[in-house]
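**Q** Sequence and predicted structure, then a few things I'm wondering about:
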Amino acid sequence: MQSSIDPALFAVPSVDPGLLVTMNLVEEIRDLIQVYDAQSSEPDHLARGRRIKFLTQELSARPALMVPATSNEPSETPPVDPIDESRNEGDDHSRFTPLSIPSKRRPALKTGQEEGTNHPKRVAGALAKMVKAGFDETDFRMKKVLQREMRTTMQRLIGYAPGRTMPNAGGPLPDAEAGSGPFLIPDFKATLSDTVNLRIQQRAADAVIRTQMSAEGVVPPAYRTRWLDENVLIDLGQKSWPGLKAVWQKQVHDAQDNGAASALRRRQGKRRERRNIAADQIRKGIKVFCEDNQLDHTLVELELVNEEWMGEEWSGDEEGIQSPAWRQALFERGSISAQMRDSSTRIEALEMRRPAWMHIHLWEWFKAQRAGRPRTQKKPEKPRADLGNVSHRMPEVIPFDFMLDPHWAATQLPKWDESYWKRRQGWPASFGARAPHIASSMLAAPPF
């Protein structure tokens with residue numbers, strides 16, 4: 001059936017690829033910072049921190065954006081704020097269709113929404129005032145050294161070391177390897193500024209001051225007034241407190257479910273890594289697709305490929321184990337040998353699971369575009385098989401409407417809150433005037 005959409009509506013003028021890439025870097029950094037918690041030790045926040053650092057380095061390496069002068073006034077050309085679109089209204093470079101890259105959104109159903117998740121931040125202390133006043137190179141080094149020393153000193157005071165039991169008020173106590181003490185036992189159920197916990201931080205600050213004022217200290221004399229202050233050191237200690245509490249929480253959870261929660265977090269972390277690998281391989285693989293359709297690969301990969309759309313790769317069945325039935329299914333697909341199927345040990349194989357919301361033909365298209373590992377990588381790639389199962393993990397980045405499975409869009413999409421799933425009914429701007437035709441070719445049934 002011939003499309004009734006006028007292709008001229010999707011015509012895209014000449015685009016400066018460098019400008020688009022820079023703008024999207026700024027946009028992604030801004031979105032990540034809004035949901036990033038620097039004090040959290042959760043894997044998601046650690047991954048966001050690494051991503052922010054990487055994107056910041058990429059952005060700093062790009063050339064500055066400049067607006068050409070529009071008058072005869074002898075003024076210097078100011079830099080363009082990529083986020084402020086109003087300053088570019090008279091600039092020819094701003095007259096383009098921007099890439100359609102939405103920010104991440106946490107999945108939310110229309111019912112059962114949680115409220116009160118925005119906790120108030122702690123009042124800025126002595127350290128925050130120092131940061132606002134400005135740091136030099138020595139200040140940055142002292143902050144890192146003293147924060148590490150505060151953390152290790154608090155660990156000694158409470159009788160903890162990595163790999164041992166984290167004590168807490170009401171149990172458990174420090175294990176036998178910690179020695180006889182006496183120890184200051186923290187209360188992780190209370191706030192970090194509770195009397196019991198604050199006493200530990202104060203004692204650690206006093207010990208650090210004595211050490212640094214002695215011949216063993218590394219703080220230069222000119223910086224001792226600034227850094228060897230009890231309030232500054234307590235602020236540094238409180239930055240490490242959430243990490244100590246996370247160790248205790250992990251112990252509690254492991255005791256309650258025999259380590260099932262920790263095992264689940266490890267599986268989720270590995271699946272996240274596999275989604276990132278899949279996205280990188282598809283970005284490389286679509287170069288030929290872009291050449292065949294005369295598209296800009298740099299722009300297409302930004303809009304068309306996202307880690308949130310890669311499905312999942314499981315190393316076991318629904319229960320997380322490699323059951324005989326699961327191994328037999330992989331063997332019937334030709335992914336593993338009979339020797340691997342009958343092996344008594346865990347095998348290195350993965351099951352690919354299509355996102356429940358994704359069009360089946362687009363899923364097959366993505367799999368076909370995926371490039372292999374580079375030859376320089378010594379570790380062989382694990383065998384994979386698609387057993388027809390789906391992943392019900394919801395994306396934090398909303399895909400285009402043309403990517404959706406029609407049945408899922410009709411029956412399941414209405415269940416999700418509109419503030420989370422904002423429909424994207426257009427086409428990728430990087431596809432240009434032939435967007436409907438290109439999208440249709442991606443959704444065509446694969447040849448058998």
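**A** Happy to help now that I have it. Numbering: from 1, shown residues only.
**Q** What ranges does the protein have for its strands?
**A** 312-314, 350-355, 384-391 (DSSP state E).
**Q** Mind putting those into TSV with mean neighbour count and mean pLDDT?
**A** (Each C-beta comes from the backbone N, C-alpha and C, glycine too.) Shown next, in TSV, are the strands of the chain (neighbours: other C-beta atoms under 10 Å; pLDDT from 0 to 100):
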stretch	mean neighbour count	mean pLDDT
strand 312-314	21	91
strand 350-355	22	94
strand 384-391	16	92
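**Q** can you list those strands in TSV and add distance to residue 266?
**A** TSV is the format used below for the strands of the chain (distance: least, C-beta to C-beta, whole Å):
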stretch	distance to residue 266
strand 312-314	13
strand 350-355	15
strand 384-391	18
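**Q** which stretch among the ones you listed comes nearest residue 177?
**A** Nearest to residue 177, of all the strands of the chain, is strand 312-314, at 37.9 Å by C-beta to C-beta.
**Q** tell me what the closest one is packed against?
**A** Contacts defined by 3 or more C-beta pairs under 8 Å, 6 or more residues apart in numbering; DSSP states H and E place strand 312-314 against helix 260-285, strand 350-355.
**Q** ok, and which of these has the densest surroundings?
**A** Counting by mean count of other C-beta atoms under 10 Å, strand 350-355 has the highest mean neighbour count of the helices and strands packed on strand 312-314, with a mean of 22.
**Q** Show residues contacting that one.
**A** With C-beta atoms under 8 Å, 6 or more residues apart in numbering as the test, strand 350-355 has contacts from 274, 309, 311-317, 326, 330, 360, 363, 367, 382-387, 389-391, 393, 395.
**Q** angle of it against helix 260-285?
**A** 80 degrees (axes from the mean of the first three to the mean of the last three C-alpha atoms, to 10 degrees).
**Q** Pull up the gap between the nearest residue to residue 226 once chain neighbours are set aside and residue 142, please.
**A** Distance criterion C-beta to C-beta, 6 or more residues apart in numbering; nearest residue to residue 226, sequence neighbours excluded, is residue 130 at 6.6 Å. Using C-beta to C-beta, to the nearest Å, we find residue 130 at a distance of 10 Å from residue 142.
**Q** Settle it for me: which of those two has more neighbours?
**A** residue 142 (23 against 17; other C-beta atoms under 10 Å).
**Q** residues in contact with that one?
**A** Here residue 142 is in contact with 219, 223, 227 (criterion: C-beta under 8 Å, 6+ apart).
**Q** Repeat that for residue 291.
**A** residue 297.
**Q** now do residue 187
**A** 168, 169, 170, 194, 196, 197.
**Q** list the helices and strands the helix with the most length in the chain packs on?
**A** Under DSSP state H, the helix in the chain containing the largest number of residues is helix 230-257. With contacts taken as 3+ C-beta pairs under 8 Å, 6+ apart, helix 230-257 sits against helix 126-133, helix 137-158, helix 195-213, helix 260-285.
**Q** Only the buried residues of the shortest one, if you could.
**A** Read it as helix 126-133. 126, 127, 130 (16 or more other C-beta atoms under 10 Å).
**Q** what comes into contact with it?
**A** By C-beta under 8 Å, 6+ apart, helix 126-133 touches 139, 143, 226, 229, 231, 232, 235, 236.
**Q** Any idea how far that helix is from the middle of the chain?
**A** With C-alpha atoms, centre = their mean, to the nearest Å as the basis, helix 126-133 stands 28 Å off its chain's centre.
**Q** ok, back up a step: for the contacts of residue 187, pick the one with the most neighbours.
**A** residue 197 leads the contacts of residue 187 on contacts (other C-beta under 10 Å) with 24 neighbours.
**Q** Among the helices and strands packed on strand 312-314, show the one with the smallest mean pLDDT.
**A** Per-stretch mean pLDDT for these is lowest at helix 260-285 (a mean of 87).
**Q** now for that one, which elements pack on it?
**A** Looks like helix 260-285 contacts helix 43-61, helix 230-257, strand 312-314, helix 360-369 (3+ C-beta pairs under 8 Å, 6+ apart).
**Q** Ok, which of those comes nearest residue 295?
**A** helix 360-369 (13.3 Å).
**Q** Pull out the buried residues from that closest one.
**A** Applying 16+ other C-beta under 10 Å to helix 360-369 flags 362, 363, 364, 365, 366, 367, 369 as buried.
**Q** CSV for those, including distance to residue 302?
**A** Putting the buried residues of helix 360-369 into CSV (distance: C-beta to C-beta, whole Å) gives the following:
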residue, distance to residue 302
362, 18
363, 21
364, 23
365, 18
366, 16
367, 21
369, 16
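**Q** got a markdown table for those, with pLDDT too?
**A** Output for the buried residues of helix 360-369, formatted as a markdown table (pLDDT from 0 to 100):
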| residue | pLDDT |
| --- | --- |
| 362 | 96 |
| 363 | 96 |
| 364 | 95 |
| 365 | 95 |
| 366 | 95 |
| 367 | 93 |
| 369 | 92 |
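**Q** what's the closest of those residues to residue 153?
**A** residue 366 (51.2 Å).
**Q** Apart from its neighbours in sequence, what residue is nearest the closest one?
**A** residue 282 (6.0 Å).
**Q** low pLDDT regions in this structure?
**A** 1-18, 43, 62-101, 111-124, 319, 373-378, 448 (pLDDT under 70).
**Q** Tabulate the contacts of residue 187 (JSON lines), appending distance to residue 355.
**A** Output for these, formatted as JSON lines (distance: C-beta to C-beta, whole Å):
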{"residue": "168", "distance to residue 355": "41"}
{"residue": "169", "distance to residue 355": "45"}
{"residue": "170", "distance to residue 355": "44"}
{"residue": "194", "distance to residue 355": "44"}
{"residue": "196", "distance to residue 355": "47"}
{"residue": "197", "distance to residue 355": "44"}
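**Q** for these, which one is nearest residue 152?
**A** residue 197 (16.9 Å).
**Q** how close does that closest one sit to residue 399?
**A** Residue 197 is 45 Å from residue 399, by C-beta to C-beta.
**Q** Contacts only, for residue 40.
**A** 46, 242.
**Q** Ok, residue 158 next?
**A** 166, 167, 174, 183, 184, 185, 186, 200, 244.
**Q** swap the cut-off to 10 Å and go again
**A** 166-168, 174, 178, 181, 183-186, 197, 200, 204, 244 (C-beta atoms under 10 Å, 6 or more residues apart in numbering).
**Q** returning to that earlier point: check the offset of the longest helix of the chain from the chain's centre.
**A** Worked out by C-alpha atoms, centre = their mean, helix 230-257 lies 22 Å from the chain centre.
**Q** quick one on the thing from earlier: farthest-separated two in the contacts of helix 126-133?
**A** 139 and 231 (16.1 Å).
**Q** Look at the two and report which has more neighbours.
**A** Per other C-beta under 10 Å, whichever of residue 139 and residue 231 has more neighbours is residue 139, with 16 against 12.
**Q** State the distance from that one to residue 219.
**A** 11 Å.
**Q** which neighbours do these two share?
**A** Joint contacts of residue 139 and residue 219 (C-beta under 10 Å, 6+ apart) are 226, 227.
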